[in-house]
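S.K.: fold the following for me, if possible:
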Amino acid sequence: MEMAPTKKLALYAGRTNGELAVEVAEHLGVKLGNPNLVDFANGEIRCAFGESIRGCDVFILQTHAYPVNDAIVEQLIMIDAAKRASAKRITAVVPFYGYARQDRKAAGREPITAKLLADMLTVAGADRVVSIDLHSGQIQGFFDIPVDHLTAIPVLVDHLRTIVPPNAVVVSPDSGRVKSAERFAKHLDADVASIYKRRSTSKVNTVEALDIMGDVAGRFCVVVDDMIDTAGTICAAADLLRRRGASEVIAAATHGVLSGPAIDRIKNSVFTRVIITNTIPLPPEKQIDKIEVLSAAPILAHAINAVFGDASVSEIFGGENQS
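M.R.: Numbers count the residues shown, from 1 in each chain. A predicted model of the protein is given here:
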């Protein structure tokens, strides 16, 4: 007896970024499934998929946003449940990958938590991972399964083209983001500059911008980064740029973590606008006039569709997702 092979895409999401998941489902033209997540009184989480996923290509979307550890465990539980429900293939879709900054031992007796998380996703049962703008591209090497490393540059650049005037400068807030700044500059036909900074060895999240490599006097500057956490780095960079004569300073980043004093710092900064995507949800209390949020749903939907159809993901991004 012969049976024609059939493929079915099933999309589920955790509870950290439901609005993004709904958008992705709409772009794909599929119904967002119900994982029936329940919190027990002691804080444990249960998942019980509401329909059969046997033989399905299952995509489990969860951004590792606050509370980060709960978000990670919730995704691991959903992946395990899908594996035990006989899903054909399980893809962990992680718009924002947690613990990405702990990707090496910066001092003795420290963990490499980004690697630990990669192992946990794999052991839980993920066959593939999709993420956007990892803090370090080398994190892909922590996995023994395929990783599709997407970039939000196309979405950010399309918006920046409507804002950025000629003769602008794309600014890297530190030496580690120069390559990314060059990619932005190529699309915007802009020059590149970089900030030399010093991070305090005694105080966490404390940064001092020391000097600028590049000509910014009298020019429109765009500070680009992969994430904005406490906003110390980009605000220090913006202050220095204005002191060196920049006519206007804006920021563009993929992930708006915006923890601790970030909102107050941005509100009181010299930035005229800060552009982020919705890989991390922005709660109402953090929605201020200076912050603009773009949708990452089209990026994720295109990638999911390509993975489901066994097509090339890099072709969607013109190879720009490789880093």
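S.K.: just give the number of residues close to Ala251.
M.R.: Residues near Ala251, counting by other C-beta atoms under 10 Å, number 27. Quick note: C-beta positions are derived from backbone N, CA and C, even for glycine.
S.K.: okay, and it sits in which element?
M.R.: Under the criterion of DSSP states H and E, Ala251 resides in strand 248-256.
S.K.: after that strand comes which helix or strand?
M.R.: helix 262-267.
S.K.: can you list the residues that contact that next one?
M.R.: Identification of contacts with helix 262-267 by C-beta atoms under 8 Å, 6 or more residues apart in numbering yields 228-232, 235, 258, 274, 285-286, 288, 290-291.
S.K.: cutoff 7 Å now
M.R.: Residues from elsewhere that reach helix 262-267, judged by C-beta atoms under 7 Å, 6 or more residues apart in numbering: Ile228, Asp229, Thr230, Ala231, Gly232, Cys235, Val274, Lys286, Ile288, Lys290, Ile291.
S.K.: quick one: least confident of those residues?
M.R.: Least confident of the contacts of helix 262-267 in the model: Gly232, at 91.
S.K.: so who does Ala237 touch?
M.R.: Contacts for Ala237 (C-beta under 7 Å, 6+ apart) come out as Val171, Pro173, Ile195, Ala209, Val223.
S.K.: so for the helix or strand hosting it, what gets flagged as buried?
M.R.: Per DSSP H and E, Ala237 falls inside helix 232-243. The neighbour-count check on helix 232-243 (16 or more other C-beta atoms under 10 Å) flags Gly232, Thr233, Ile234, Cys235, Ala236, Ala237, Ala238, Leu240, Leu241, Arg242 as buried.
S.K.: and if you look at stretch 113-121?
M.R.: Neighbour-count burial for stretch 113-121, counted by 16+ other C-beta under 10 Å, picks out Ala114, Lys115, Leu117, Ala118, Leu121.
S.K.: same check on stretch 161-168?
M.R.: Result for stretch 161-168 [16+ other C-beta under 10 Å]: buried residues Ile163, Val164, Ala168.
S.K.: ok, stretch 54-62 next?
M.R.: Using 16+ other C-beta under 10 Å, the residues of stretch 54-62 that count as buried are Cys56, Asp57, Val58, Phe59, Ile60, Leu61, Gln62.
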